[in-house]
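let's see this in three dimensions:
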Amino acid sequence: MADEGSATTQQFAFIGGALCLDFSNTADWHASATPTEMLPDYDALLVWAVEAGILSADDTTRLRVRAVAEPEEAAAVMRRAVALREVIYRLFSRIAAGNEVVPADLATLNDQLAITLPFRMLTHEANGFTWSWRSAGLDAPLMLITASAADLLTSPTLDRVRECDGHPCGWLFIDTSRNRSRRWCSMESCGNRAKARRHYQRSRGAATEGI
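Numbers count the residues shown, from 1 in each chain. Purely as a prediction, here's the structure:
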């Protein structure tokens with residue numbers, strides 16, 4: 001859950017530890033019946049991608065110009081983006097809870113992966129080989145997010161995926177603490193809310209006992 005009143009000019013929080021989890025966290029109060037949408041349009045998706053470090057300034061300018069020229073395509077990409085985000089949330093939320101994933105959700109991710117993989121290629125640099133991407137269209141950010149989800153699902157850190165205990169926050173993260181004890185998306189937001197709630201309940205209980 002995003003911390004209210006932050007002084008930073010950055011629009012999005014990146015606490016997930018993986019690109020796909022940070023993307024899932026672009027819906028505030030994600031586990032509630034009415035999450036708050038943080039990606040209302042394609043431009044917001046570009047802002048998120050820039051802050052996530054997956055789009056260069058030149059690519060952002062190119063995609064923004066193309067989105068203005070092709071508004072229907074940009075809207076279609078946004079529908080796919082939101083659908084992808086919700087699939088990622090459902091998959092990793094169930095994994096965090098120790099539940100089996102829904103086959104239809106995995107099938108949806110595989111459908112997006114089938115679109116993504118043809119754009120992935122190997123390049124050779126001074127220190128060896130690395131993955132890179134061919135030039136893509138307006139859905140370029142979705143390709144990197146999809147690849148991140150696939151990488152995390154096949155990663156040994158999958159068992160460290162957690163969902164914030166501050167229900168209905170719903171934000172996901174990788175617990176990198178040594179004893180696997182992290183419970184909150186951030187101590188400054190949901191952690192402090194839980195602390196204040198416990199303090200109120202203790203104070204209320206003490207007052208009741210004194211009557």
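
which other helices and strands contact the lengthiest helix in the chain?
As assigned by DSSP state H, the longest helix anywhere in the chain is helix 71-96. On a contact count with 3 or more C-beta pairs under 8 Å, 6 or more residues apart in numbering; DSSP states H and E, helix 71-96 meets helix 19-24, helix 42-52, helix 57-69, helix 103-116, helix 140-153, strand 161-163, strand 172-174. From N, CA and C alone the C-beta is placed, and that goes for glycine too.

and these, which is most packed in?
Per residue and on average, the most neighbours among the helices and strands packed on helix 71-96 fall to helix 19-24, with a mean of 26 (mean count of other C-beta atoms under 10 Å).

which strands and helices sit next to it?
When contacts are defined as 3+ C-beta pairs under 8 Å, 6+ apart, helix 19-24 sits against helix 42-52, helix 71-96, helix 140-153, strand 172-174.

with mean pLDDT added, can I get those in JSON lines?
Below are the helices and strands packed on helix 19-24 laid out as JSON lines (pLDDT from 0 to 100):
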{"stretch": "helix 42-52", "mean pLDDT": "97"}
{"stretch": "helix 71-96", "mean pLDDT": "98"}
{"stretch": "helix 140-153", "mean pLDDT": "96"}
{"stretch": "strand 172-174", "mean pLDDT": "98"}
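
got CSV for those, with distance to residue 14 too?
CSV is the format used below for the helices and strands packed on helix 19-24 (distance: least, C-beta to C-beta, whole Å):
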stretch, distance to residue 14
helix 42-52, 7
helix 71-96, 15
helix 140-153, 12
strand 172-174, 10
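
looking at those, which is closest to residue 19?
helix 140-153 (3.8 Å; C-beta to C-beta).

is residue 183 in a helix, a strand, or coil?
What DSSP: H, G, I helix; E, B strand; the rest coil gives for residue 183 is coil.

burial measure for it, as a count.
As a burial measure, residue 183 scores 15 neighbours (other C-beta atoms under 10 Å).

quick one, phi/psi of the closest residue to it other than its chain neighbours?
Nearest non-adjacent residue to residue 183, counting by C-beta to C-beta, 6 or more residues apart in numbering: residue 165, 4.3 Å away. When read as degrees, to the nearest 10, the backbone of residue 165 gives phi -70, psi -10.

repeat that for the one 5 residues further on.
Reported as degrees, to the nearest 10, the phi and psi values for residue 170 are phi 80, psi 0.

my read: it touches residue 33, true?
No: the pair residue 170 and residue 33 does not pass the contact test of C-beta atoms under 8 Å, sitting 11.1 Å apart.

can you list the low-confidence ranges for this structure?
Residue ranges of the chain with pLDDT under 70: 1-8, 191-211.

what do you get if the cut-off is 90, keeping everything else the same?
Filtered on pLDDT under 90, the chain yields the residue ranges 1-9, 125-127, 130-136, 186-211.

so residue 122 is in which element?
Remark: residue 122 resides in strand 120-125, with elements defined by DSSP states H and E.

just checking, what packs against that strand?
For strand 120-125, the elements it packs on are strand 128-133, judged by 3+ C-beta pairs under 8 Å, 6+ apart.

neighbouring strands of the strand it packs on in the sheet, and parallel or not?
Note on strand 128-133: by DSSP bridges, its sheet partners are strand 120-125 (antiparallel).

which residues does the strand it pairs with contact?
With contacts defined as C-beta atoms under 8 Å, 6 or more residues apart in numbering, strand 120-125 is touched by 129-134, 143, 147.
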